[in-house]
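In: Have a look; sequence and predicted model below, questions after that.
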There are 2 protein chains.
Amino acid sequence: MKKHNFSAGPCILPQEVFEKASQAVLDFNDSGLSILEISHRSDAFVSVIEEARSLVLELLGLQNKGYQALFLHGGASMQFLMVAYNLLQKKAAYTNTGTWSSKAIKEAKMFGEVAEVASSKDKNFNYIPKDYQIPEGIDYFHCTSNNTIYGTQMKSFPKTTAPLVCDMSSDILSRTLDFSQFDLIYAGAQKNMGPAGVTVAIVKEDILGKVERQIPSMMDYKVHIDKDSMFNTPSVFAIYTSLLNLRWLKNKGGISGIEAQNDAKAKLLYTEIDRNPLFKGFAEKEDRSTMNPTFNLTEGTDKASFDKLWKEANINGINGHRSVGGYRASMYNALPLESVQTLVDVMQHFEKIS
Amino acid sequence: MKKHNFSAGPCILPQEVFEKASQAVLDFNDSGLSILEISHRSDAFVSVIEEARSLVLELLGLQNKGYQALFLHGGASMQFLMVAYNLLQKKAAYTNTGTWSSKAIKEAKMFGEVAEVASSKDKNFNYIPKDYQIPEGIDYFHCTSNNTIYGTQMKSFPKTTAPLVCDMSSDILSRTLDFSQFDLIYAGAQKNMGPAGVTVAIVKEDILGKVERQIPSMMDYKVHIDKDSMFNTPSVFAIYTSLLNLRWLKNKGGISGIEAQNDAKAKLLYTEIDRNPLFKGFAEKEDRSTMNPTFNLTEGTDKASFDKLWKEANINGINGHRSVGGYRASMYNALPLESVQTLVDVMQHFEKIS
């Protein structure tokens, strides 16, 4: 029996994606070969990566607007470094909204001056700073759209004349936005994109080529663009599985189709968190993430009893991150509403028996 | 019907590895979860990566000798960069034995002086240079043990007081060597280790910490060692599949067990290349790779007829790299002797009908 998987990432993907990916490991498209043993230069795989690159731009509404989609190695942590390598000549501005922002800032500081223009560290990152000033004359502005650990999410993005760079690892493809406001979007795949082991970077080409330093080949977006995202052997299986997931999303009506379901899931769980006297939300209400609701037990509530109940209900992965404690119920695109209902039922049952 | 897959990489893995990996995509160890949706911090995955790290050291005979095994992102191309970031303070020495050596040299030059102490470029890399001098006072010496494109392989390694760094991407785990002569071994997984999307680095810890530059976190071997190879989300599926492959190799008698089979396969094919008047080998005999035999048709031989024959025999992936032309029959650990016999049969049949 499948579990209700609220894991923060790597996370649930659609069951049909698991089935097709599993089949491809045995025999890819009736080729007599496993997806794991085909050449990345074969026509079969070139068509996979080209479709994936094109489809992610299509889903984001960014086709024919000067953007290139790349499937790279290394996770968002590598992007912290690549962003600075490619764009940071003198000074960049960052907001600090959690662990991942802090890490991005740390890496960027090796390449130039970093102005931390806003931070929510004063309240353990439980809100999104607003009303900050972005200085003039910066090379780019960097923000994190969704903070997986703390369960906060930027609902709007500041206007700036500098290139806008956004780490969307944990909410890419989950909600409609005007994505053309961004000049560089990156995301570790292992939430709404696909399995761990590949990272997508959506780069507006005209922001490149403006730093003076020599950039190592693997760090250089231009090198990857010129080689059609195959400068070196790509993560074949992770990219194929991402393509299966992107096709699934397109069949669901694309981002606007899934957004309606994500909103319904978020409403269901947050309503219960606010109603049920045994629970309290962690993040400020206006900044709540639709992807990663975080919540704690109220004082004096019996943690062991609640933990026993959700485990018996076949729920997986709702322990909170050590930085926050309590619980985090990650609800990525592929998590069915039924799983959220199961969690809410457990919370209500827990209230009754407490 | 399965093909005889001579692909240069990504390449054939054992059929039982494909079957177990495929099953894990549906349900990992009867957990009710796919290997693609489990947390990399879960006990289940931590035990996978720990076993993989330990088993690769065991197979190489490097346990308890000061080495750490890391499963990293980015392929050997990222290692070209990481090696220099971590070890190149002033000057390093490299041999240039092909495309990948050349790329390694190019990246290293951004970090310090690189002495190219030997090169086989004068003969399109069809041999391994010998009798060269390694200068004193270098930070490390770098070589490529097997040249996938040209089909040459180092049979022995120079003695040097400097740390010995080796790119073993295409022949790691294929032959017995005294691996303790190396201080850093790296290999893109997609040959004898596992699927594309992960890279193994075997690092002798005492060579680290000797450069003065600040090293970005993702580039720093020490950071990855301190985080047990999980500084960021690792390539979960590629590492699990690598573990399945390492277990298969151990059951085959380890490296010495597979080496006997690899030698038998190489002897079978090279004997036919030398005997059959329609073919000639590309690499110098004494430097021939057991992994990637390269060969051409002799003058006036009908290429179209030969190509038709091997395709009809269900053979895949023997077209040579564009740098060499002709043919390359990659014979990694998992390729059965039967596949090599099929190719030899085709070559002999081709001779008869020509």
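Out: Received it, and whenever you're ready, just let me know what you need.

In: from memory A:Thr160 sits against A:Cys143, does it?
Out: No: judged on C-beta atoms under 8 Å, A:Thr160 makes no contact with A:Cys143 at a distance of 10.0 Å. All C-beta atoms are positioned from the backbone trio N, CA, C, and that covers glycine.

In: the more surrounded of those two?
Out: A:Cys143 (24 against 15; other C-beta atoms under 10 Å in any protein chain shown).

In: Checking my notes, the more buried one in a strand, right?
Out: Yes: the assignment for A:Cys143 is a strand, going by DSSP: H, G, I helix; E, B strand; the rest coil.

In: could you measure it against A:Ala84, distance?
Out: 15 Å (C-beta to C-beta, to the nearest Å).

In: and what of A:Thr298?
Out: From A:Thr298 to A:Ala84 the distance is 42 Å (C-beta to C-beta).

In: Which residue ranges of the stretch 201-350 of chain A form helices?
Out: A:221-226, A:236-251, A:254-275, A:303-312, A:337-353 (DSSP state H, counting those that start in this stretch).

In: Nearest to chain B among those helices would be which one?
Out: Closest approach to chain B among those (C-beta to the nearest C-beta): helix A:236-251, 4.6 Å.

In: does the closest one come close to chain B?
Out: Yes: with C-beta under 8 Å from any C-beta of the partner chain as the criterion, chain B is reached by helix A:236-251 at A:236-238, A:241.

In: Next, the buried residues of that helix.
Out: A:236-249 (16 or more other C-beta atoms under 10 Å in any protein chain shown).

In: now the angle from that helix to helix B:236-251?
Out: Relative orientation of helix A:236-251 versus helix B:236-251 (axes from the mean of the first three to the mean of the last three C-alpha atoms, to 10 degrees): 150 degrees.

In: and helix A:236-251, what does it pack onto?
Out: helix A:15-26, helix A:43-60, helix A:254-275, helix B:236-251 (3 or more C-beta pairs under 8 Å, 6 or more residues apart in numbering or on different chains; DSSP states H and E).

In: Could you list the alpha-carbon positions for it in CSV?
Out: This file holds the C-alpha atoms of helix A:236-251, laid out as CSV (Å, rounded to 0.1, in the frame of the first residue of the first chain):
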residue,chain,number,x,y,z
VAL,A,236,20.3,10.9,-18.2
PHE,A,237,17.9,9.1,-15.9
ALA,A,238,17.0,12.2,-13.8
ILE,A,239,16.4,14.2,-17.0
TYR,A,240,14.2,11.6,-18.5
THR,A,241,12.2,11.2,-15.3
SER,A,242,11.9,15.0,-15.2
LEU,A,243,10.5,15.0,-18.7
LEU,A,244,7.9,12.4,-17.7
ASN,A,245,6.9,14.7,-14.9
LEU,A,246,6.8,17.8,-17.1
ARG,A,247,4.5,15.9,-19.5
TRP,A,248,2.3,14.8,-16.6
LEU,A,249,2.0,18.5,-15.5
LYS,A,250,1.1,19.6,-19.1
ASN,A,251,-1.6,17.0,-19.1
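
In: what mean pLDDT does it have?
Out: Taken as a whole, helix A:236-251 carries a mean pLDDT of 98.

In: cool, and stretch A:322-341?
Out: For stretch A:322-341, the per-residue pLDDT averages 96.

In: For it, measure first residue to last.
Out: Length of stretch A:322-341, first residue to last, C-alpha to C-alpha, to the nearest Å: 25 Å.

In: That one and chain B, any residue contact?
Out: No: Stretch A:322-341 does not reach chain B (C-beta under 8 Å from any C-beta); its nearest approach is 8.6 Å.

In: Buried residues, that stretch. List them.
Out: A:324, A:326-336, A:339-340.

In: Between these, which sits nearest chain B?
Out: A:Ala334 (8.6 Å).

In: Let me know the closest of the residues of helix A:236-251 next to chain B to B:Ser217.
Out: The closest of the residues of helix A:236-251 next to chain B to B:Ser217 turns out to be A:Ala238 (C-beta to C-beta; 21.8 Å).

In: which residues sit in contact with the closest one?
Out: Counting by C-beta atoms under 8 Å, 6 or more residues apart in numbering or on different chains, A:Ala238 makes contact with A:189, A:194-198, B:197, B:235, B:237-238.

In: Turn the residues you listed into CSV, columns for distance to A:Met218.
Out: Formatted as CSV, those follow (distance: C-beta to C-beta, whole Å):
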residue, distance to A:Met218
A:Ala189, 18
A:Gly194, 21
A:Pro195, 21
A:Ala196, 19
A:Gly197, 16
A:Val198, 14
B:Gly197, 15
B:Ser235, 16
B:Phe237, 22
B:Ala238, 18
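
In: Which one of these is nearest to B:Leu208?
Out: B:Ser235 (22.9 Å).

In: just checking, the closest one touches A:Gly194?
Out: No: the criterion here is C-beta under 8 Å, and B:Ser235 misses it with A:Gly194 at 11.7 Å.

In: Looking at the two, which is more packed in?
Out: B:Ser235 (32 against 29).

In: Give me the nearest residue to that one, chain neighbours excluded.
Out: A:Gly197 (3.4 Å; C-beta to C-beta, 6 or more residues apart in numbering or on different chains).

In: And what about that neighbour, helix, strand or coil?
Out: coil.

In: Share the number of residues neighbouring it, please.
Out: 33.

In: who touches it in this structure?
Out: A:189-190, A:235, A:237-238, B:73, B:197-198, B:234-238.

In: A:Lys280 now?
Out: Here A:Lys280 is in contact with A:273, A:295-298 (C-beta under 8 Å, 6+ apart).

In: do the same with A:Ile35
Out: Contacts of A:Ile35 (C-beta under 8 Å, 6+ apart): A:21, A:24-25, A:28, A:236-237, A:240.

In: same check, this time on A:Phe237
Out: Applying C-beta under 8 Å, 6+ apart, the residues contacting A:Phe237 are A:21, A:24-25, A:35-36, A:195, A:197, B:195-197, B:237-238.

In: now do A:Val346
Out: Contacts of A:Val346 by C-beta under 8 Å, 6+ apart are A:306, A:309-310, A:313, A:315.

In: Which residue is it, in the stretch 51-200 of chain A, that comes closest to chain B?
Out: Closest point on the stretch 51-200 of chain A to chain B, by C-beta to the nearest C-beta, is A:Gly197, at 3.4 Å.

In: That residue and B:Lys130, how far apart?
Out: 39 Å.

In: Might you enumerate the residues of the stretch 51-200 of chain A proximal to chain B?
Out: Checking the stretch 51-200 of chain A against chain B by C-beta under 8 Å from any C-beta, the hits are A:73-78, A:80-81, A:103, A:106-107, A:110, A:188, A:190, A:195-198.

In: Just the ones in strands from these, please.
Out: A:Gly188 (DSSP state E).

In: Only the buried subset of the residues of the stretch 51-200 of chain A next to chain B, as a ChimeraX command please.
Out: Selection of the buried residues among those in ChimeraX, burial being defined by 16+ other C-beta under 10 Å:
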select /A:73,74,75,76,77,78,80,81,103,107,110,188,190,195,196,197,198
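
In: I'd like to know how far the residue lying closest to A:Leu246 once chain neighbours are set aside sits from A:Met193.
Out: Counting by C-beta to C-beta, 6+ apart, A:Leu246 lies nearest to A:Leu55, which is 4.6 Å off, once chain neighbours are set aside. According to C-beta to C-beta, A:Leu55 stands 11 Å off from A:Met193.

In: Can you work out which residues contact both of these two?
Out: Common neighbours of A:Leu55 and A:Met193 (C-beta under 8 Å, 6+ apart) are A:Leu246.
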